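Enquirer: Have a look at this prediction, sequence included:
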Protein chains: 2
Amino acid sequence: MVSVPIEVVLEAVIVAVTQDEPRVLTVRPATDPEELPGLPSGALDVTQDRTLDRGLRRWVREQTGIDVGYVEQLYTFGDRFRSPSERQGGPRVLSIAYLALVREERPSAGAAWQPWYDLLPWEDHRHGEPQVIGRIIRPAIDRWIGAAVTNEERSQRAERAAVTFGTEDGAWDPVRALERYELLYHLDLLEESRGPTAPTQLDGTDGVVPGHPMVLDHRRIVATALARLRGKITYRPVVFELLPEAFTLLALQTLVEALAGEVRHKQNFRRLVERGGLVEPTGQTARSSGGGRPAKLYRFRRDVVRERPRPGVGLPARG
Amino acid sequence: MVSVPIEVVLEAVIVAVTQDEPRVLTVRPATDPEELPGLPSGALDVTQDRTLDRGLRRWVREQTGIDVGYVEQLYTFGDRFRSPSERQGGPRVLSIAYLALVREERPSAGAAWQPWYDLLPWEDHRHGEPQVIGRIIRPAIDRWIGAAVTNEERSQRAERAAVTFGTEDGAWDPVRALERYELLYHLDLLEESRGPTAPTQLDGTDGVVPGHPMVLDHRRIVATALARLRGKITYRPVVFELLPEAFTLLALQTLVEALAGEVRHKQNFRRLVERGGLVEPTGQTARSSGGGRPAKLYRFRRDVVRERPRPGVGLPARG
DNA sequence: CACATATATGCTCATTGTGAGCATAACAAG
DNA sequence: CTTGTTATGCTCACAATGAGCATATATGTG
């Protein structure tokens, strides 16, 4: 078989949030049930797809049965050998990755929603710092810093560690998700950073950070999407793509917390979105679920984009 | 000649700031001196370039003689027919665009620094609103809004106009540069949005917004870079890539103003960068140039990235 | 029905950040 | 030494933010 030198693939990170968990749509290749799950993807059809994102929508529909609404280009990955088949004369694979947001639907067979904190467990700080960090990551980072030969190198490593995973006293930045993934990869703490040899145990006992791996570099792509989305919600009102028309402020808050991986101060959060003009009451009230005072329902106020330069639900603040 | 279906091209928007003007490096194709200037670019070498940005650096060096330092991927452009040759059976051209920052150097022959406000004149608000906006753009926008058929459509157009070009009372957001370019393109106010037929006059007398055009969609790519850079300087200390080791606060301020296309309040700007820990005094003093008290020299404080989550020179503020 | 429990919602207060402007300092040129 | 020019210091009003107390309105229980 003659191989073309280059192949262009469109990949989608499709995100929905249900039951307080952000989820990513994954597909299992039918060809090989043994293989790891991956992102919905497919080759660009040069003659059919007028634009890249149309091609993407087409593929997603075909593979998962889902029509995506909000779509934004993420990044183009093109390192050599990111597709192992390239070593056997396969083409250089270029992946143009997209981020898409949907309200969760049932996907067609073969596709499934994967909680993204199962993929990147160290990113969920809603219930305090995940144990992985203290038990596996920090020690590994410390060994790595200690192993630096020059002082120059040591301080560079210490800086990188502090910036990505924060210092002891805090300063965790949710947006640095990609940099964290890359450091873990560099430290060889991930399934995919190890060779195909050593079979690893997912409980982390052999020094591998737990978290479901994916095919190729798809977990890296998910980390890219996570970082981008966390950043974006702070200055653009994209969260509402993930919510129904009418919602309670608590629903909005838990959604933001789920994405950010951090909790916020309830009263201040309300103040932020209400007085910031992001939402307006519908006049309706949610039926109280369980106990407690029933919450008013709100809707997104589209006009906010006309009034304020960068409307979003501030992330950097700990709230 | 047999055409390959897809061609992957790397394009660079290389930015330097000299004499208070941001400039973009452009090359003039040697093959056809009649042709418009374009961005330095070249095909990805599948077997040589291990990563995309290495390929980019190689091409830039070969075409302009310049070694770029800071590089970041911008966007991948892949609309059908963005290369006109595609209509004659040429390949679909995919451009992976990068943003690079350098301290200005003399480029080799064939390359030249082009002031970016000559390319996008409506983006420079340092000396008040550019005349183009009042004389050509606003009237055209108003005609467009008026020409809407339904009320729904009219209000959507009005919103888009308000968000991109601001309302009468201000609210211009420097970061929306790409959205502005796209609106102008949509309104057919740009050279490249008109067919190859109508020869246009660059003074705008025939309704075309003045500003040097470039080959293909390269001006759009520059607008993308402008928007990205303006956003980035607000939360990452990238400006220092454009400055020498030691600099005065005025130099830093004029640089930021040049990029943002807006002026800031001098004393507040100093407070921001000094108390924000972005810079520290070197102890040296600049030789006073002309008149006035000589300024202290400062250097970038790298530690700031360790201390604050998002260090930058705040843009949204009018300063 | 009087509780306990669970949210929702209102409000205060200290602290910090931001926009604007006045005042003074340190140089060059005449 | 006076004027022009830029650098630098400082104040003040006001907005935004982080934290917490208090009250309102539901459900479910004896």
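Expert: Everything's here; your move. Quantities reported herein were computed from a predicted structural model and do not represent experimental measurements.
Enquirer: What is the least confident helix or strand in chain A?
Expert: Considering only helices and strands, the least confidently modelled element of chain A by mean pLDDT, DSSP states H and E is helix A:304-307, at a mean of 86.
Enquirer: where does the stretch 201-319 of chain A have low pLDDT?
Expert: Residues of the stretch 201-319 of chain A that meet the criterion pLDDT under 70 lie in A:201-206, A:288, A:314-319.
Enquirer: how about the helices of chain A, start to end?
Expert: Counting by DSSP state H, chain A forms helices over residues A:52-64, A:116-119, A:131-132, A:138-146, A:151-165, A:177-186, A:218-232, A:249-260, A:266-275, A:304-307, given from the N-terminal end onward.
Enquirer: Deepest-packed of the ones you listed, please.
Expert: Ranked by mean neighbour count under mean count of other CB atoms under 10 Å in any protein chain shown, those are led by helix A:218-232, which reaches a mean of 23. Heads up, the C-betas are built off the backbone N, CA and C, glycines and all.
Enquirer: coming back round to it: wait, does the least confident helix or strand of chain A make contact with chain B?
Expert: Yes. Judged by CB under 8 Å from any CB of the partner chain, helix A:304-307 and chain B are in contact via A:305-307.
Enquirer: returning to what we had before: so can I have CSV of the helices of chain A showing distance to DNA strand C?
Expert: Shown next, in CSV, are the helices of chain A (distance: least, CB to the nearest atom of the strand, whole Å):
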stretch, distance to DNA strand C
helix A:52-64, 32
helix A:116-119, 22
helix A:131-132, 25
helix A:138-146, 28
helix A:151-165, 19
helix A:177-186, 24
helix A:218-232, 18
helix A:249-260, 4
helix A:266-275, 4
helix A:304-307, 16
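Enquirer: so which of those helices comes closest to B:Arg23?
Expert: For B:Arg23, the closest of the helices of chain A is helix A:218-232, at 28.5 Å, according to CB to CB.
Enquirer: With just CA atoms, put that closest one into PDB.
Expert: Listed in PDB are the C-alpha atoms of helix A:218-232, where the atom choice follows Å, rounded to 0.1, in the frame of the first residue of the first chain:
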ATOM      1  CA  HIS A 218      -5.800  12.200  23.100                       C
ATOM      2  CA  ARG A 219      -5.500  12.700  26.800                       C
ATOM      3  CA  ARG A 220      -3.200  15.600  26.100                       C
ATOM      4  CA  ILE A 221      -5.900  17.000  23.800                       C
ATOM      5  CA  VAL A 222      -8.400  16.700  26.600                       C
ATOM      6  CA  ALA A 223      -6.100  18.600  28.900                       C
ATOM      7  CA  THR A 224      -5.800  21.300  26.300                       C
ATOM      8  CA  ALA A 225      -9.500  21.600  26.100                       C
ATOM      9  CA  LEU A 226      -9.900  21.700  29.900                       C
ATOM     10  CA  ALA A 227      -7.400  24.500  30.200                       C
ATOM     11  CA  ARG A 228      -9.000  26.500  27.400                       C
ATOM     12  CA  LEU A 229     -12.500  26.100  28.700                       C
ATOM     13  CA  ARG A 230     -11.500  27.100  32.200                       C
ATOM     14  CA  GLY A 231      -9.900  30.200  30.900                       C
ATOM     15  CA  LYS A 232     -12.700  31.100  28.600                       C
END
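Enquirer: Could you list every helix and strand in contact with that helix?
Expert: Of the remaining helices and strands, those touching helix A:218-232 by 3 or more CB pairs under 8 Å, 6 or more residues apart in numbering or on different chains; DSSP states H and E are strand A:6-18, strand A:70-77, strand A:92-101, helix A:116-119, helix A:177-186, helix A:249-260.
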